[in-house]
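Peer 1: A structural model of the following input is requested.
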Amino acid sequence: MPLEGIYGRNEPMTLVTSATSAIKTAVLPVAGIGTRFLPATKAIPKEMLPIVDRPLIQYAIDEAVAAGISNFVFVVGSHNRSLLEAHFGSSPVLEKILKTRGKSQELELVTGTSKGITSINFVTQDEPLGLGHAVWCARDFINDGPFAVMLPDDLVQAEPGCMWQMVDAFNKYGGNIVAVEDVPRDQTNKYGILDVDEDDGRIASARGLVEKPNPEDAPSTLSVIGRYILGPEVLEHLERGEKGAGNEIQLTDAIATTIGRVDFRGLRFTGQRFDCGSKAGFVAANVAYALARSDIPDDFKVLLKSLV
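Peer 2: Just a heads-up that it's a prediction; the model follows:
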């Protein structure tokens, strides 16, 4: 089924029933141009680069669907909407060829890209004004309830998935929840860092959140990764368009303004995160996911050992 409309709602795809979740909508900011992966990203958006045999964006969608999320908002640039539409939409010619040739497994893979999705909407971020601005661009599709934000660059290998774990935590605690992991202190200037109040080793309650603090100023080493569950109160701050670190509209600043009114927690998820915004992380993710696949021959493991 084609994905229609410029900013409006699209024709619904088939809904596959999944786990009960209070979170039904996820925002995926994918307007970046992927400069660290040029020249590959000259023609292929970063979120469409493959980990083994499926693009990064598909892993994020599958993770969200497994957590009960079925409505998606892609915040795009002018360069990548058509490819996203092609990937998640139908492909009649390809599907007909595969069906004619009896390629049932391949046909299932092609038609399965939209499995569990009720709707996909697109909004355009005309200027790279920061993650907070990207989320604000999606405001018309959030519908005044809690929503998720997922950065496909952060690929999390986990079972159950990272977003499932976050939804489970949200069902218990409510409030704003972010996925977190500890980073070396000399790297705190790359992340949003929690000012921790209480910490039981899995859930950390926070009294503050600081974007990219210098190591000597960082209140902890507990950093936010690209998974969020947020309430609509965050949008109230984003509406002001106030710029923070890097002269950008920061999502962490908006979250910080709600602390005191809305409970804020960090979840130490179970799983392995790969920073696929970096070349090293991208290559590592390909290796890890290949090793986990039953359809990758053992010869690959032998070859890998010979290379390292």
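Peer 1: which stretches of the stretch 1-150 of the chain have low pLDDT?
Peer 2: Within the stretch 1-150 of the chain, the stretches with pLDDT under 70 are 1-21.
Peer 1: mind redoing it with 50?
Peer 2: 1-19 (pLDDT under 50).
Peer 1: in it, which spans are helices?
Peer 2: 56-66, 81-88, 92-100, 104-111, 131-137 (DSSP state H, counting those that start in this stretch).
Peer 1: And the contacts of the longest one?
Peer 2: Think helix 56-66. 16, 18-19, 26, 28, 30, 46-51, 72, 84, 87-88, 113, 115-117, 148, 150-153, 155-156, 160-164, 276 (Cβ atoms under 8 Å, 6 or more residues apart in numbering). Just so you know, the C-beta spots here come from the backbone N, C-alpha and C atoms, and that holds for glycine as well.
Peer 1: Give me the distance from the helix or strand harbouring residue 228 to the chain's centre.
Peer 2: Per DSSP states H and E, residue 228 falls inside strand 222-230. Distance of strand 222-230 from its chain centroid, counting by Cα atoms, centre = their mean, to the nearest Å, is 10 Å.
Peer 1: hmm, back to that, export the helices of the stretch 1-150 of the chain to JSON lines and tack on mean neighbour count and distance to residue 269?
Peer 2: Listed next are the helices of the stretch 1-150 of the chain as JSON lines, based on neighbours: other Cβ atoms under 10 Å; distance: least, Cβ to Cβ, whole Å:
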{"stretch": "helix 56-66", "mean neighbour count": "23", "distance to residue 269": "11"}
{"stretch": "helix 81-88", "mean neighbour count": "17", "distance to residue 269": "26"}
{"stretch": "helix 92-100", "mean neighbour count": "12", "distance to residue 269": "36"}
{"stretch": "helix 104-111", "mean neighbour count": "13", "distance to residue 269": "27"}
{"stretch": "helix 131-137", "mean neighbour count": "24", "distance to residue 269": "19"}
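Peer 1: how about those in TSV, adding distance to residue 298?
Peer 2: TSV is the format used below for the helices of the stretch 1-150 of the chain (distance: least, Cβ to Cβ, whole Å):
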stretch	distance to residue 298
helix 56-66	24
helix 81-88	31
helix 92-100	28
helix 104-111	21
helix 131-137	41
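Peer 1: and residue 185, which of these is closest to it?
Peer 2: Proximity to residue 185, assessed across the helices of the stretch 1-150 of the chain by Cβ to Cβ, is greatest for helix 131-137 (23.1 Å).
Peer 1: Show me what that closest one is in contact with.
Peer 2: 27, 29, 31, 75, 123-125, 127, 149, 151, 230, 234-235, 238-239, 241, 248-254.
Peer 1: got a list of what residue 88 touches?
Peer 2: Contacts of residue 88 (Cβ under 8 Å, 6+ apart): 3, 61, 113, 114, 117, 120.
Peer 1: likewise residue 33?
Peer 2: 41, 46, 77, 79.
Peer 1: Mind doing that once more with 7 Å?
Peer 2: Residues in contact with residue 33 (Cβ atoms under 7 Å, 6 or more residues apart in numbering) are 41, 77, 79.
Peer 1: Contact partners for the second one?
Peer 2: Put plainly, it is residue 77. Applying Cβ under 7 Å, 6+ apart, the residues near residue 77 are 31, 33, 124, 125.
Peer 1: Look up phi and psi at it.
Peer 2: As for residue 77, its main-chain torsions (degrees, to the nearest 10) stand at phi -100, psi -170.
Peer 1: Narrow the contacts of helix 56-66 to those that are buried.
Peer 2: 18, 26, 28, 30, 46-49, 51, 72, 84, 87-88, 113, 116-117, 148, 150-153, 155-156, 160-164, 276 (16 or more other Cβ atoms under 10 Å).
Peer 1: Just the residues you listed: which are in strands?
Peer 2: 26, 28, 51, 72, 148, 150, 155, 156 (DSSP state E).
Peer 1: could you dump these to JSON lines with distance to residue 306?
Peer 2: Listed next are these as JSON lines, based on distance: Cβ to Cβ, whole Å:
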{"residue": "26", "distance to residue 306": "41"}
{"residue": "28", "distance to residue 306": "38"}
{"residue": "51", "distance to residue 306": "22"}
{"residue": "72", "distance to residue 306": "41"}
{"residue": "148", "distance to residue 306": "42"}
{"residue": "150", "distance to residue 306": "36"}
{"residue": "155", "distance to residue 306": "26"}
{"residue": "156", "distance to residue 306": "29"}
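Peer 1: Tell me which two of the residues you listed sit farthest apart.
Peer 2: Across these (Cβ to Cβ), the longest gap, 20.5 Å, separates 51 and 148.
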